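Engineer: predicted model and sequence follow; I will ask about them next.
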Amino acid sequence: MKKVLDVPMSEIAEDSPIRLKPPALPHPSYPLLSKRFLRRHGVDLFCCAATWFLVDVVFYSSNLLQSQIYHRFIKDNNDVNGYKLAFKVARFQAILAISSTIPGYWVTVYFIDRIGRVKIQMLGFLFLALVYFAIGIPYKYYWSENISVGFMALYSLSFFFSNFGPNTTTFIVPAELFPARFRSTCHGIAGAVGKVGAIIGTIGFFWASRNEKDSGKPNPVRMTVALVILDVVCLVGLLLTYFLTRETMGRSLEDNEIYEDELIYNT
């Protein structure tokens with residue numbers, strides 16, 4: 001409790017009833033949809049929603065790309081029934097999760113209070129951009145016909161740096177950035193905008209993977225364009241994080257209320 005509340009146990013009101021109370025501060029009366037809210041928290045809400053939107057465009061597109069990779073590694077012979085095929089797909093997904101997704105989360109847990117949310121988010125967007133650059137530029141001329149171990153290594157890195165990056169920090173920062181009376185609402189708004197990005201990423205992937213020829217492979221030109229667009233999306237997320245996102249590391253939730261009270265006195 002001492003660590004979370006940032007207050008010594010001996011100073012908690014229940015244990016020390018004689019403790020002097022600070023002077024009462026005026027209760028903020030402005031609503032969510034107001035000019036005062038936009039002036040005080042509008043930039044924070046915009047950057048939280050925008051970065052969540054961008055990472056969901058990338059993350060859900062990457063997940064759907066798996067279906068285009070399965071047939072390169074899973075041989076669907078005539079003697080393989082539906083149960084065996086489902087087992088092979090599940091094994092493929094489990095290997096991918098164990099080698100990239102889960103380690104990304106645990107690395108974030110270790111570093112989140114050491115290097116901060118903003119730096120982790122910037123690092124994730126940067127390496128995602130590099131990965132999609134390495135996959136997207138040569139895709140038409142090389143990767144479309146050579147889905148090899150090298151491609152899978154780069155593809156796994158995209159999940160690692162999603163979770164050791166914006167896929168984790170985008171739902172941590174809104175929960176720590178806003179004062180109590182706006183926290184859940186602003187977090188919900190940012191998450192809803194993120195799901196719009198997920199829809200756009202899903203639709204964009206289906207456009208990229210559609211091929212007039214019944215070859216089971218995505219259209220190389222469209223897939224190249226889609227991967228380059230994902231690269232640009234990551235760079236935009238990097239810039240938004242660098243210029244607009246405020247760091248919340250080492251800041252208790254009570255600090256948000258103090259910041260809010262200071263804004264009341266200054267306006």
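Structural biologist: That came in fine, so what should we check first?
Engineer: ok, and the closest non-adjacent residue to Phe161?
Structural biologist: Phe127 (4.2 Å; Cβ to Cβ, 6 or more residues apart in numbering). Just so you know, the C-beta spots here come from the backbone N, C-alpha and C atoms, and that holds for glycine as well.
Engineer: what's near enough to touch the one you found?
Structural biologist: Contact partners of Phe127, counting by Cβ atoms under 8 Å, 6 or more residues apart in numbering, are 157, 161, 165.
Engineer: what secondary structure does the second one sit in?
Structural biologist: What it means is Phe161. Secondary structure for Phe161, judged by DSSP: H, G, I helix; E, B strand; the rest coil, is helix.
Engineer: got a list of what it touches?
Structural biologist: 104, 123-124, 127-128, 131.
Engineer: gap between it and His187?
Structural biologist: Counting by Cβ to Cβ, to the nearest Å, the gap between Phe161 and His187 amounts to 23 Å.
Engineer: what of the first one?
Structural biologist: As judged by Cβ to Cβ, Leu157 and His187 stand 29 Å apart.
Engineer: how about Phe178?
Structural biologist: 7 Å.
Engineer: same check, this time on Lys195
Structural biologist: Counting by Cβ to Cβ, the gap from Lys195 to His187 is 13 Å.
Engineer: for whichever helix or strand Gly197 is part of, which residues meet the burial criterion?
Structural biologist: Per DSSP states H and E: Gly197 is located in helix 180-209. Residues of helix 180-209 classed as buried by neighbour count (16 or more other Cβ atoms under 10 Å): 182-183, 186-187, 189-191, 193-194, 197-198, 200-202, 204-205, 208-209.
Engineer: right, and Ser61 touches Leu230 too?
Structural biologist: Yes - using Cβ atoms under 8 Å, Ser61 is in contact with Leu230, at 6.1 Å.
Engineer: and the average pLDDT for stretch 175-195 is what?
Structural biologist: Stretch 175-195 comes out with an average pLDDT of 92.
Engineer: ok now it, how far from the chain's centre?
Structural biologist: 14 Å (Cα atoms, centre = their mean, to the nearest Å).
Engineer: surely Gly197 meets Thr51?
Structural biologist: No - with contact defined as Cβ under 8 Å, Gly197 does not reach Thr51; the gap is 9.8 Å.
Engineer: find the residues that touch each one of the two.
Structural biologist: In contact with both Gly197 and Thr51: no residue, using Cβ under 8 Å, 6+ apart.
Engineer: what segments of the chain are helices?
Structural biologist: Here the chain has its helices, by DSSP state H, at 2-5, 35-65, 67-73, 82-96, 102-111, 117-136, 149-163, 166-177, 180-209, 220-244, 253-266.
Engineer: hey, least reliable of the ones you listed by pLDDT?
Structural biologist: Note on the helices of the chain: helix 2-5 shows the lowest mean pLDDT, a mean of 56.
Engineer: what distance do you get for Ile135 to Leu154?
Structural biologist: 5 Å.
Engineer: who has more neighbours out of those two?
Structural biologist: Between Ile135 and Leu154, counted using other Cβ atoms under 10 Å, Ile135 has the larger neighbour count: 24 against 16.
Engineer: roughly how far apart are the more buried one and Met223?
Structural biologist: Applying Cβ to Cβ, the value for Ile135 to Met223 is 9 Å.
Engineer: grab the nearest non-local neighbour of Val43.
Structural biologist: Per Cβ to Cβ, 6+ apart, closest to Val43 is Leu244, 6.0 Å.
Engineer: assess the claim that that neighbour and Cys47 are in contact.
Structural biologist: Yes - contact criterion Cβ under 8 Å: Leu244 and Cys47 qualify, at 3.8 Å.
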